[in-house]
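[1] Please find the sequence and the predicted model below.
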Amino acid sequence: MKLIKFITPIKLIKLGSFLSLLLISSAASALDPIETKIAERVKSNSGRALETLEQSVNINSGTMNFVGVKKVGKVFKAQFDRLGFETQWLEGDSFSRAGHLIASHTASLANSPKILLIGHLDTVFSEDDSFQKFSRIDETYVAGPGITDMKGGDVIIVEALSALHELDLLKGINIKVVLTGEEERSGTPLSESKKALIEAAQWADIALGFEDGDSNINTAVIARRGSVEWQLETSGKPAHSSQIFQDNIGYGAIFEIARILNQFRLELAGTGDLTFNPGMMVAGTSIEHDQTASKGQAFGKNNVIAKTAKVTGGIRALSAEELSNAKAVMQRIVSENLAHTSATLTFKLGYPPMAPTEGNRALLKLYSEVSQSLGYNVVEAVNPRNAGAADISFTAGLVDMALDGLGLMGSGGHTKDEVADMTSLVKNTQKAALLIYRLSEKGDDNT
Ligand SMILES: [Zn+2]
């Protein structure tokens with residue numbers, strides 16, 4: 001259904017057979033001579049990878065430190081320029097953030113797959129945080145703000161592409177890299193802040209995310225619950241309270257909103273992976289609601305039937321179907337108005353669910369095979385309950401397959417104990433490079 005909606009028929013045919021090629025692909029095979037070269041090249045470039053990592057971690061790029069985010073953007077822009085990519089800094093004025101770095105490479109071969117690589121430049125550590133520097137703990141571990149979440153993942157993107165570029169293997173792959181500047185604290189409105197990402201996903205066949213996932217090198221993310229905000233407003237006929245429940249007066253805005261919320265709970269609580277929560281309510285004769293500050297004021301009198309009521313809430317679901325079913329039930333409940341009341345329910349553009357699709361599973365299988373070919377472990381899917389919404393969620397339904405959690409592993413993300421396991425740097429760069437290479441080879445088979 002999603003494919004039909006977003007992809008032209010020609011693309012659909014191509015992807016259909018592409019997907020089946022992936023599904024029938026054999027178990028892990030040994031590296032061929034070109035693949036061995038890719039793995040070796042990644043290893044021999046590891047000094048440069050480490051330098052870029054240290055340089056970028058040492059620049060504070062808390063989301064609201066726009067100067068810092070742009071500086072980190074420049075570090076990575078220079079790397080993509082080195083690879084001959086077309087680079088562009090997209091200013092973030094329209095969504096009140098620093099902006100995004102976009103880097104693209106166009107294949108010189110026809111029918112090459114289009115791959116989107118996703119990272120982010122910002123961290124949760126603000127300019128005045130005490131945690132600011134890259135510091136080596138021992139041979140294996142390095143501490144640093146944003147080292148695994150996710151400057152390490154950004155470096156893996158650069159170095160995986162570097163290895164392919166240096167071996168002249170990029171000509172059969174279309175690449176778009178989007179390094180956002182506001183993953184940790186999304187710019188608003190989302191329709192502006194996620195626009196570049198959504199457009200890139202509309203262009204792409206395949207999306208790869210380089211977050212640290214659940215920081216286990218033996219897992220990757222094929223599904224994430226989405227998170228969407230909703231707003232419910234009701235209105236009633238104001239009159240003296242003594243007239244409430246009369247045929248010509250009805251029930252007022254507050255009874256109507258109470259009916260709706262209670263019915264949401266009765267019909268939807270405890271179903272599937274769905275959760276929803278009303279977070280704030282204002283109601284009375286007149287109300288003011290400041291959406292940005294999540295604040296409200298109300299005026300009303302106990303002897304006057306309430307004219308207006310508003311509640312804001314959130315909803316989380318694992319699949320687009322689960323979310324749309326819930327939305328349909330909610331809208332039906334909203335429409336069954338008490339006498340002389342009306343109600344409207346609106347959903348904001350939020351983080352869509354990334355469902356565990358067949359395409360995502362096929363991509364994970366290919367990634368796991370790549371890992372085994374390199375002599376590393378089988379890679380399994382992260383439990384989606386352990387994976388919150390992330391930038392890759394915005395590609396859900398727009399790409400044929402998506403996989404996240406391919407970044408630098410470690411522990412303590414979002415805390416001062418953030419530490420990277422440096423043994424995963426070369427391994428996951430090799431895995432990413434080989435995955436992209438094998439995807440391009442399968443794309444070729446299909447021409
Ligand atoms: Zn992150």
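    Perfect, thanks for sending it.
[2] On the three-state scheme, the most far-flung residue of the chain relative to its centre is what?
    When distances to the mean C-alpha position of the chain are computed (Cα atoms, centre = their mean), the maximum falls on Ser242, with 52.3 Å. Here Ser242 is helix, with the state taken from DSSP: H, G, I helix; E, B strand; the rest coil.
[3] One more: the one 4 residues further on?
    Applying three-state DSSP to Gln246 yields a three-state assignment of coil.
[4] ok, now the one 4 residues further on?
    Taking three-state DSSP as the rule, one finds Gly250 in the coil state.
[5] which ones are touching it?
    Taking Cβ atoms under 8 Å, 6 or more residues apart in numbering as the contact definition, Gly250 lies against 236-237, 244, 338-341. C-beta coordinates here come from the backbone N, C-alpha and C atoms, glycine included.
[6] and the gap between the residue farthest from the centre of the chain and the ion?
    The gap separating Ser242 from the ion is 57 Å, by Cβ to the ion, to the nearest Å.
[7] The closest residue to that residue other than its chain neighbours and Thr344: what is the separation?
    In space, not counting the residues next to it along the chain, Ser242 is nearest to Asn303; the distance is 7.6 Å by Cβ to Cβ, 6 or more residues apart in numbering. Spatial separation of Asn303 from Thr344 under the definition Cβ to Cβ, to the nearest Å is 27 Å.
[8] now swap in Thr180 and tell me
    Shown here: Thr180 relative to Thr344, a distance of 32 Å by Cβ to Cβ.
[9] Roughly how far does the residue most central in space within the chain sit from the ion?
    Nearest to the centroid of the C-alpha atoms of the chain, with distances taken as Cα atoms, centre = their mean, sits Asp391, at 2.1 Å. Asp391 sits 8 Å away from the ion, going by Cβ to the ion.
[10] so that residue touches Thr180, yeah?
    Yes: in this structure, Asp391 sits in contact with Thr180. The criterion is Cβ atoms under 8 Å, and the distance is 5.7 Å.
[11] which residues are in contact with both of the two?
    In the contact map built from Cβ under 8 Å, 6+ apart, the residues linked to both Asp391 and Thr180 are 118, 120, 197.
[12] Mind checking which of those residues are in helices?
    When those are checked against helices (DSSP state H), the matches are Leu197.
[13] Dump the shared contacts of Asp391 and Thr180 into a markdown table; add distance to Thr271 and pLDDT as well.
    As requested, the shared contacts of Asp391 and Thr180 are arranged in a markdown table below (distance: Cβ to Cβ, whole Å; pLDDT from 0 to 100):
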| residue | distance to Thr271 | pLDDT |
| --- | --- | --- |
| Ile118 | 31 | 98 |
| His120 | 33 | 98 |
| Leu197 | 30 | 97 |
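[14] who wins for neighbours among the shared contacts of Asp391 and Thr180?
    Highest neighbour count within the shared contacts of Asp391 and Thr180, by other Cβ atoms under 10 Å: Ile118, with 31 neighbours.
[15] residues touching the residue nearest to that residue when sequence neighbours are not counted, list them.
    Excluding the flanking residues, the one nearest Ile118 by Cβ to Cβ, 6+ apart is Gly209, at 4.6 Å. Listed by Cβ under 8 Å, 6+ apart, the contact partners of Gly209 are 118-119, 153, 221, 390-392, 402-407.
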